[in-house]
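J.: sequence and predicted structure are below.
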Amino acid sequence: MNIENSVALITGAGRGLGCALVEAILTKSPRRVYVAARNPEQLQDLIYRYGDVIVPVVMDITHPAEVQAVANMARDVNLLINNAGVFSEGKILEAQETLIRRDMEVNYFGTLNVIRAFLPILESHPGGAIVNILSISALANVPSIGSYSASKAASQSLTQSIRSHLSKKFISVHGVFPGPVDTDMTSRMNIPKADPLEVAHAILAGIEHGDEDIFPDGMSRQGGVSWRSNPKVLERQLAAT
């Protein structure tokens with residue numbers, strides 16, 4: 001997909017990788033970028049810096065009515081980037097059930113809500129794309145973040161499911177599998193982390209190249225090699241982290 005002159009919507013755009021994706025995509029000369037967040041205050045800096053090129057929208061992806069209201073307004077979108085998500089730490093047999101359910105509600109069901117609402121719009125603009133920001137832990141569980149990994153694995157399965165269906169409608173579907181990225185979400189993790197802006201640019205390059213599976217940083221690229229050659233190797237590698 002050629003991102004130049006596209007109309008994008010990026011969820012979870014107010015901070016972290018979402019904010020970096022906004023900055024990166026604006027270097028590609030899109031026609032318009034809808035930036036979505038639950039908290040409108042998170043969007044103020046983007047509005048101040050980029051003005052009329054971006055359109056701020058308030059949207060909680062776990063509320064279908066809110067998602068549909070945005071879809072009813074943003075009817076020119078042809079690039080949907082599902083970045084919004086939550087992250088909980090802990091082994092899945094010990095984690096609080098409320099956190100386990102929250103991970104799945106946001107990372108899986110929330111993503112599905114957005115795709116369903118925007119699908120008629122994307123169908124009316126052939127050649128568009130859906131991009132789901134997943135995690136390398138979607139391909140093999142990281143036990144220290146077991147619930148998060150499980151929710152991203154569910155979203156990976158969702159990504160595969162809709163790819164088969166939408167290829168007939170000329171809508172490309174991309175799964176993105178980053179390793180740890182240096183954002184607020186991973187601030188408590190004492191491990192090497194990728195620069196969010198570099199990751200964002202690599203994601204966009206993968207979209208333009210037509211890559212269905214995008215590994216946008218060094219750690220995830222290494223993991224991708226292991227996964228393609230032998231998924232059990234990646235499982236053992238991530239279990240040891």
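T.: That came in fine, so what should we check first?

J.: find the nearest non-adjacent residue to residue 111, please.
T.: residue 82 (4.8 Å; CB to CB, 6 or more residues apart in numbering). For glycine as for every other residue, the C-beta is placed from the backbone atoms N, C-alpha and C.

J.: surely the one you found and residue 114 touch.
T.: Yes - Residue 82 is within contact range of residue 114, at 5.7 Å (criterion: CB atoms under 8 Å).

J.: what is in contact with the two at once?
T.: Shared contacts of residue 82 and residue 114 (CB atoms under 8 Å, 6 or more residues apart in numbering): residue 11.

J.: can you pull the pLDDT of residue 181?
T.: Reading off the confidence values, residue 181 has pLDDT 92.

J.: quick one, what contacts it?
T.: Residue 181 is in contact with 16-17, 193-196, 199, 217, counting by CB under 8 Å, 6+ apart.

J.: please pick the buried ones from those.
T.: For the contacts of residue 181, a burial check counting by 16 or more other CB atoms under 10 Å picks out 16-17, 193-194, 196, 199, 217.

J.: which of those residues fall within helices?
T.: Members of the buried ones among the contacts of residue 181 lying in helices (criterion: DSSP state H): 16-17, 196, 199.

J.: format the residues you listed as TSV; extra columns: pLDDT.
T.: Shown next, in TSV, are these (pLDDT from 0 to 100):
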residue	pLDDT
16	93
17	96
196	96
199	97
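
J.: alpha carbons only: can I get the longest helix along the chain in CSV?
T.: Determined from DSSP H, the single longest helix within the chain is helix 146-166. C-alpha atoms of helix 146-166 as CSV (Å, rounded to 0.1, in the frame of the first residue of the first chain):
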residue,chain,number,x,y,z
GLY,A,146,1.2,-14.6,30.4
SER,A,147,-2.1,-12.9,30.1
TYR,A,148,-0.9,-10.2,27.8
SER,A,149,0.7,-12.9,25.6
ALA,A,150,-2.5,-14.9,25.4
SER,A,151,-4.5,-11.9,24.4
LYS,A,152,-2.1,-11.0,21.6
ALA,A,153,-2.1,-14.6,20.5
ALA,A,154,-5.9,-14.3,20.2
SER,A,155,-5.4,-11.2,18.1
GLN,A,156,-2.9,-12.9,15.9
SER,A,157,-5.5,-15.6,15.2
LEU,A,158,-8.0,-12.9,14.5
THR,A,159,-5.5,-11.3,12.1
GLN,A,160,-5.1,-14.6,10.2
SER,A,161,-8.9,-15.1,10.1
ILE,A,162,-9.7,-11.8,8.5
ARG,A,163,-6.8,-11.9,6.1
SER,A,164,-8.3,-14.9,4.3
HIS,A,165,-11.7,-13.2,4.1
LEU,A,166,-10.5,-9.7,3.1
